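Colleague: Structure of the sequence below:
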Amino acid sequence: MELIDVVNEQDEVIEVKDKDAVHRDGDLHRAAIIYVVNSSGKVLVHKRAATKKLNPSLWDITVGGHVHSGETYEDAAKRELEEELGIRNNELIEIGKLTGHPNASSPLERLMLKIFLAKFNGNEEELTFDKVEISNVKFVEISELEKIYENQIEREKFVYIGDFKERLKTIKKFIS
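Modeller: Numbering: from 1, shown residues only. Next up is the predicted model:
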């Protein structure tokens with residue numbers, strides 16, 4: 001059982017519940033996402049495993065997950081980087097915080113979300129990604145992602161169609 005903190009709009013813990021119950025009840029809870037960039041300014045994208053419950057086999061431009069009960073956003077981000085990509089002891093830069101419903105396929109999910117940037121100067125072959133979570137990874141230029149956004153067919157291969165443009169704008173701001 002995975003316990004997570006239910007929070008109010010001020011991001012104060014008001015209850016601890018099982019993750020399934022939080023999703024079922026539509027409670028506001030915490031998550032951390034991370035954009036990974038290399039020294040050339042390329043963004044890491046990953047293809048979600050075909051066995052994932054939400055958005056299987058779609059590409060994503062962030063990694064991340066829920067903040068466990070008692071955990072900080074930064075600790076959760078570091079844990080997710082290690083679990084999903086094998087990146088350890090990496091400096092994180094907090095680049096934003098928002099509240100919303102980021103997952104159209106799960107409209108009850110309400111998140112208090114912190115967004116981080118992580119620099120990784122290796123290449124794709126050095127990543128030891130979790131095959132249960134991820135089936136492929138690659139670094140791409142921002143300009144390539146912008147072309148994908150302009151092409152509706154290619155864009156539909158990505159998870160966050162609705163806010164893809166906003167995600168590109170966010171990451172572009174911080175890598176330039």
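Colleague: Skip ahead from the lowest-mean-pLDDT helix or strand in the chain and say which helix or strand is next.
Modeller: In the chain, the helix or strand scored least confidently by mean pLDDT, DSSP states H and E is helix 152-155, which has a mean of 69. Next in sequence after helix 152-155, counting helices and strands by DSSP states H and E, comes helix 164-175.
Colleague: for the nearest residue to Gly70 once chain neighbours are set aside, phi and psi?
Modeller: Distances taken as C-beta to C-beta, 6 or more residues apart in numbering put Asp5 closest to Gly70, at 7.5 Å, once the chain neighbours are dropped. (C-beta placed from N, C-alpha, C; glycine too.) Dihedral pair for Asp5: phi -80, psi 130, per degrees, to the nearest 10.
Colleague: Could you list everything Asp5 pairs with in the sheet?
Modeller: Val16 (DSSP bridges).
Colleague: Give me the local confidence score for it.
Modeller: On pLDDT, Asp5 comes in at 97.
Colleague: I'd say Gly41 and Val140 touch.
Modeller: No: between Gly41 and Val140 there is no contact under C-beta atoms under 8 Å: 10.5 Å.
Colleague: how many neighbours does Thr51 have?
Modeller: 11 (other C-beta atoms under 10 Å).
Colleague: Listing request: residues of the chain with sub-threshold pLDDT.
Modeller: 101-108, 152-153, 160-163, 176 (pLDDT under 70).
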